[in-house]
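Participant: Structure of the sequence below:
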Amino acid sequence: MNKSYLKKSKMKLPNKYRLAIGNILAVFLIVRSVFVFFDKGYEGWQFILAPTLFVIGLFAFAFDFFFQRLYAKYLLMNLIELIIFIVLGVVYYDFLKIIF
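Facilitator: Okay, here's the model as predicted:
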């Protein structure tokens with residue numbers, strides 16, 4: 001009887017989903033959006049901000065998921081994600097200053 005089926009498979013997963021800057025940012029944005037949704041503040045502008053933060057958090061999760069599949073080096077991936085999210089945050093902050 002051949003017991004080769006009992007041997008461990010040598011197949012590797014392409015890239016395990018790990019904790020990264022994008023994950024942390026996405027969780028923070030989603031939790032913040034839920035908090036802002038229930039505590040609208042004095043003027044009520046946070047009601048507009050809550051769905052925006054939630055959608056950005058979901059996009060950050062998707063971006064991080066696909067980005068982890070592209071780059072195998074963990075440090076390089078985190079550095080690139082950090083640079084991208086800092087640039088997007090600065091652009092978003094400047095955009096809000098222009099509007100309001």
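
Participant: Pull the number of nearby residues for the nearest residue to D39 once chain neighbours are set aside.
Facilitator: Once flanking residues are discounted, D39 sits nearest to Q46: 7.4 Å by C-beta to C-beta, 6 or more residues apart in numbering. For glycine as for every other residue, the C-beta is placed from the backbone atoms N, C-alpha and C. Look at Q46: counted by other C-beta atoms under 10 Å, it has 17 neighbours.

Participant: wait, what's in contact with Q46?
Facilitator: Contacts of Q46 were listed using C-beta atoms under 8 Å, 6 or more residues apart in numbering, and they are 36-37, 39-40.

Participant: Show me the helices in the protein, by range?
Facilitator: According to DSSP state H, the chain carries its helices in the segments 21-38, 46-70, 74-99.

Participant: Quick check: the gap between I56 and A20.
Facilitator: Applying C-beta to C-beta, to the nearest Å, the value for I56 to A20 is 16 Å.

Participant: Mind pulling up the pLDDT for V55?
Facilitator: Note on V55: pLDDT of 91.

Participant: Tell me the predicted confidence for the residue nearest to F85 when sequence neighbours are not counted.
Facilitator: Spatial nearest neighbour of F85, excluding adjacent residues (C-beta to C-beta, 6+ apart): L25 at 5.7 Å. Note on L25: pLDDT of 90.
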